[in-house]
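**Student:** Sequence and predicted structure, then a few things I'm wondering about:
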Amino acid sequence: MKTITNIYPAFALFGLACFAVLATAQAVVPTPDGCYPNLTTAEGCNAIQSLTTGAANTGVGWYALFGTSTGNFNTGIGAGALLTNNEDSNTAVGAAALLLNTAGLENSALGTAALANNDNGASNTAVGAFALTNNTEGGGNTAVGHAALRDSTGDFNIALGANAGTDPDIGSNNVYVGDPGFAGDENVISIGGIAASGIDYENAYIGGIYGASVNTGSALPVYVDTDGHLGTTLANATGKKVRIRSSKGAQFQAKINEFQKQQKRIAELESTVARLAATVKEQAAQIQKMSAQLELNKAAPQTVLNSR
């Protein structure tokens, strides 16, 4: 069972400081309600109702921190905030924020239903209504924006912007800025591949590149394909699934199909040119042979017969 002796040293100092302040503070009139032992503050219907040895918890709102008994340093503000929690160092601000958290620790949720379904995921940060709302076990995620990483269940994902990282099938270790992601993403960085507004971006500006020096010994050219994918190595993508990262996917697919047709036509033309070149070479060889024969015939002496 957790006790106050498990408190981190910094928090222990915080507690001592609080007691020192209490010793010199003047009482306010009327006396505030909701003030309880062990640095506990509770206000609202059944807030922190199950507390036993837990310390430095604050629950404000209907059933806020209702299930916390031995957990420490939790703050739940809002109806149902951290309702089932019994771990340490979680902060939830907003109705149903971290609602179902039980064993997850060191999570921060700000916004209605942010991290609402988190069970034992740890070290997550969700800022925005419904941010990381369906995460249950994923850890180390950071979501900033309305519904950012809403359906993510992976680890170490970062999403910035409304609806960023919302594709339900993204994996782990991805970074999204204004991009919902793509099914199966793993170890992907995507900045504005698909605009949340539904209107495609037209220009990109990144400082610190133009005019900057690079090491000539390791510098490589950078390529970009019709998918917006950057890389330093060209590869034949024939037969591979094309990642359409634009809100105008059909238009981009049509462009890609046309591009592929053009590549096919170019290949056919190259083959035709190669055949023509071989034919011309063969004909040139025959012409040279005939010219040589004609020259030989010219050089041969003519014999005149005398009829007398």
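**Tutor:** Yep, that arrived.

**Student:** Could you pull out the helices in this protein for me?
**Tutor:** Secondary structure of the chain by DSSP state H: the helices cover 9-24, 249-299.

**Student:** averaging pLDDT over each of those, which comes out lowest?
**Tutor:** Ranked by mean pLDDT, the helices of the chain bottom out at helix 9-24, which scores a mean of 54.

**Student:** Distance of Asn215 relative to Ala196?
**Tutor:** For Asn215, the distance to Ala196 equals 37 Å [CB to CB, to the nearest Å]. From N, CA and C alone the C-beta is placed, and that goes for glycine too.

**Student:** Can you pull up the most central residue in the chain?
**Tutor:** With distances taken as CA atoms, centre = their mean, the residue of the chain nearest its centroid is Val175 (2.8 Å).

**Student:** Correct me if wrong: it contacts Ser190.
**Tutor:** Yes. With contact defined as CB atoms under 8 Å, Val175 reaches Ser190; the gap is 7.2 Å.

**Student:** Common neighbours of those two, please.
**Tutor:** Counting by CB atoms under 8 Å, 6 or more residues apart in numbering, Val175 and Ser190 have no common neighbour.

**Student:** the more surrounded of Asn215 and Ala196?
**Tutor:** Set Asn215 next to Ala196 and count neighbours by other CB atoms under 10 Å: Ala196 wins out with 18 against 6.

**Student:** Now do the same contact list for that one.
**Tutor:** Contact analysis of Ala196 by CB under 8 Å, 6+ apart lists Gly161, Ala162, Asn163, Ala164, Gly178, Pro180.

**Student:** Ala96 too?
**Tutor:** Residues counted as contacts of Ala96 (CB under 8 Å, 6+ apart) are Gly78, Ala79, Gly80, Ala81, Thr112, Ala113, Ala116.

**Student:** can you check Ala131 too?
**Tutor:** Here Ala131 is in contact with Ala109, Gly111, Ala114, Leu115, Ala143, Val144, Gly145, His146, Ala147, Ala148, Leu149, Arg150 (CB under 8 Å, 6+ apart).

**Student:** 7 Å - rerun?
**Tutor:** Gly111, Ala114, Ala143, Gly145, Ala147, Ala148, Leu149, Arg150 (CB atoms under 7 Å, 6 or more residues apart in numbering).

**Student:** With Leu99 instead?
**Tutor:** Counted by CB under 7 Å, 6+ apart, Leu99 has contacts Gly80, Leu83, Ala116.

**Student:** so what's it closest to, chain neighbours aside?
**Tutor:** Nearest non-adjacent residue to Leu99, counting by CB to CB, 6 or more residues apart in numbering: Ala116, 4.5 Å away.

**Student:** Number of residues surrounding that neighbour?
**Tutor:** Count around Ala116 with other CB under 10 Å applied: 27.

**Student:** begin at 793 from here
**Tutor:** Yes, from this point I'll number from 793; that puts the last item at Ala908.

**Student:** surely it meets Thr928?
**Tutor:** No. Using CB atoms under 7 Å, Ala908 makes no contact with Thr928, being 10.2 Å away.

**Student:** Name the nearest residue to Ala951, sequence neighbours excluded.
**Tutor:** Ala951 sits nearest to Gly957 (CB to CB, 6+ apart), 3.3 Å away.

**Student:** whoops, I mixed them up, Ala839
**Tutor:** In space, and not counting its chain neighbours, Ala839 is closest to Gly851: 3.9 Å by CB to CB, 6+ apart.

**Student:** Now do the contacts for the one you found.
**Tutor:** With contacts defined as CB under 7 Å, 6+ apart, Gly851 is in contact with Ala834, Gly836, Ala839, Ile840, Leu857, Gly868.

**Student:** Let's see that with 8 Å instead.
**Tutor:** So Gly851 contacts 833-836, 839-840, 857-858, 860, 866-869, 873-874 (CB under 8 Å, 6+ apart).

**Student:** same deal with Ile869?
**Tutor:** Ile869 touches Thr850, Gly851, Val852, Gly853, Ala856, Ala884, Val885, Gly886, counting by CB under 8 Å, 6+ apart.
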